[in-house]
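**Student:** can't give you the sequence, but here's the structure:
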């Protein structure tokens with residue numbers, strides 16, 4: 001974080017007694033960033049710290065706590081760990097008044113000011129923004145490491161129009177939890193759903209400060225939609241990412257994993273309960289799809305829910321998704337770009353299916369990849385066929401066929417036939433892994449297991465989507 005960002009917040013850089021920065025988290029709570037984790041407990045005696053008020057009064061912290069977190073990376077890409085010391089005082093800091101923090105030893109005192117018009121991380125509003133008619137929630141609270149939740153005394157809040165400075169909404173926060181299990185915070189919920197006027201706003205809460213600015217606007221999700229699906233495009237395997245379509249600096253003209261390495265059946269597949277399948281155990285061409293994460297594994301159960309989420313969006317608001325709205329190579333073919341992107345994923349899903357309908361759940365390197373994809377040198381290994389993956393495939397393919405039907409009926413029929421073939425495979429074969437059992441990697445594999453002890457949910461999902469796509473009674477009966 002640079003000095004300009006700090007100036008907009010209730011934080012400041014310092015260089016005294018090994019303290020790097022101070023953040024005012026509320027009018028009672030301060031956080032000191034120390035240089036590193038080594039001997040941090042001995043580096044600064046918290047009990048010896050005093051807060052000097054503008055009237056000359058001194059107070060010691062009533063509660064202290066510590067935690068450690070990654071705060072950056074050095075020139076060799078190694079993590080820099082910072083230690084944070086949290087101080088809670090009984091008497092609040094007076095707003096906009098200059099206090100001083102007296103540190104142990106001969107270190108110079110450090111100025112501290114609680115500025116209620118500065119941004120605080122103790123109020124969390126949506127970084128994306130809010131649609132005018134939608135429910136609008138923000139949250140207040142913070143965590144003081146080993147000192148536990150930061151107390152938040154007040155409950156009143158205001159939403160302020162940042163252009164005019166006028167209060168646009170008044171509300172009262174609701175306590176959700178005194179010690180939230182996920183964040184550690186005393187968690188307060190701020191509901192301002194009644195504010196529908198488009199504009200830019202901040203939330204102001206006595207004793208904390210103001211939130212970062214946020215927007216209320218009808219098109220607030222448009223950049224998010226584009227950003228997410230451009231990420232899918234940039235994560236494509238099996239094709240060059242040409243500069244004319246890539247975001248600046250993200251072209252990948254060499255393409256993905258070399259075709260000759262995609263892929264080879266893992267030796268253990270032949271001995272697995274569902275076997276290699278009707279296509280045999282030899283190498284096979286797997287193409288298309290998206291890389292899963294920082295490595296280049298591709299997992300059927302991870303990819304399948306994408307079709308559910310996009311399908312819901314297209315069911316609710318089909319007119320919002322158009323051709324040419326993502327600037328991908330397929331733009332201009334008369335099909336919404338989001339469906340074109342899904343079809344790139346479907347190419348890969350179809351290549352993971354055998355002719356008898358069974359679906360292999362993963363293709364991945366034996367070890368985590370740490371190079372650009374075109375520099376991968378070892379074959380990627382195709383893993384076992386599982387009921388979980390086959391059912392997930394059937395559901396995703398049924399959705400894809402339904403969505404694509406108005407645009408490319410022939411392609412939709414082929415995909416739907418693949419979905420029904422997967423369902424027939426499930427009906428003909430015993431479930432594996434068995435219900436209650438989890439998949440485990442072979443000893444020589446380090447790829448994600450994504451172990452699930454049940455295939456029931458995916459089988460239900462597949463039956464429901466196939467019934468919706470075909471109207472056939474057998475899928476309703478199966479459900």
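**Tutor:** Nice, thanks for sending it over. Small disclaimer: the values here were computed from a predicted structure and weren't measured. Residues are numbered from 1 along each chain as shown.

**Student:** neighbours around residue 148, how many?
**Tutor:** Neighbours of residue 148 under the rule other C-beta atoms under 10 Å: 17. All C-beta spots, glycine's among them, are computed from the backbone N, C-alpha and C.

**Student:** Let me see the contact set for it.
**Tutor:** With contact set as C-beta atoms under 8 Å, 6 or more residues apart in numbering, residue 148 has these partners: 63, 65, 179, 184.

**Student:** Repeat the analysis, applying 10 Å as the threshold.
**Tutor:** Residues counted as contacts of residue 148 (C-beta atoms under 10 Å, 6 or more residues apart in numbering) are 63, 65, 86, 88, 178-179, 184-186.

**Student:** now those as a markdown table including secondary structure?
**Tutor:** Supplementary listing: the contacts of residue 148 in a markdown table, determined by DSSP: H, G, I helix; E, B strand; the rest coil:
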| residue | secondary structure |
| --- | --- |
| 63 | strand |
| 65 | strand |
| 86 | strand |
| 88 | strand |
| 178 | coil |
| 179 | coil |
| 184 | coil |
| 185 | coil |
| 186 | coil |
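
**Student:** Now the two most distant members of the residues you listed.
**Tutor:** Greatest spatial distance among the contacts of residue 148 (C-beta to C-beta): 86 and 178, at 17.8 Å.

**Student:** Neighbour count: those two, which is higher?
**Tutor:** Higher neighbour count among residue 86 and residue 178: residue 86, with 25 against 12, using other C-beta under 10 Å.

**Student:** on that earlier part again, out of the contacts of residue 148, who's the most crowded?
**Tutor:** residue 86 (25 neighbours).

**Student:** quick one: residue 304 and residue 260, what's the gap?
**Tutor:** Look at residue 304 and residue 260: by C-beta to C-beta, to the nearest Å, they are 27 Å apart.

**Student:** Those two: who's more crowded?
**Tutor:** Counted by other C-beta under 10 Å, residue 304 and residue 260 do not tie: residue 304 has more neighbours, with 25 against 10.

**Student:** Just the buried residues of the helix or strand where that one lies, please?
**Tutor:** Element membership for residue 304, per DSSP states H and E: helix 300-316. Buried residues in helix 300-316, counting neighbours by 16 or more other C-beta atoms under 10 Å, are found at 300-304, 306-307, 310-311, 314.

**Student:** what's the closest of the contacts of residue 148 to residue 374?
**Tutor:** Distance to residue 374 across the contacts of residue 148 (C-beta to C-beta) is lowest for residue 184, with 43.2 Å.

**Student:** show me the contacts for that closest one.
**Tutor:** By C-beta under 10 Å, 6+ apart, the neighbours of residue 184 are 67, 141-145, 148-150.

**Student:** give the contact list for the spatially most central residue of the chain.
**Tutor:** Closest to where the C-alpha atoms of the chain average out (C-alpha atoms, centre = their mean) is residue 228, at 10.8 Å. Residue 228 makes contacts with 221, 326, 338, as judged by C-beta under 10 Å, 6+ apart.

**Student:** So which bits of the lengthiest helix in the chain are buried?
**Tutor:** Secondary structure of the chain per DSSP state H: the longest helix is helix 409-428. By 16+ other C-beta under 10 Å, the buried positions in helix 409-428 come out as 411-412, 415-416, 418-423, 425-426.

**Student:** hey, where'd the helices end up in the stretch 101-250 of the chain?
**Tutor:** Using DSSP state H, counting those that start in this stretch, the helices assigned to the stretch 101-250 of the chain run over residues 222-234.

**Student:** my bad, the stretch 351-479 of the chain
**Tutor:** For the stretch 351-479 of the chain, the helices defined by DSSP H, counting those that start in this stretch cover 387-404, 409-428, 456-470, 473-478.
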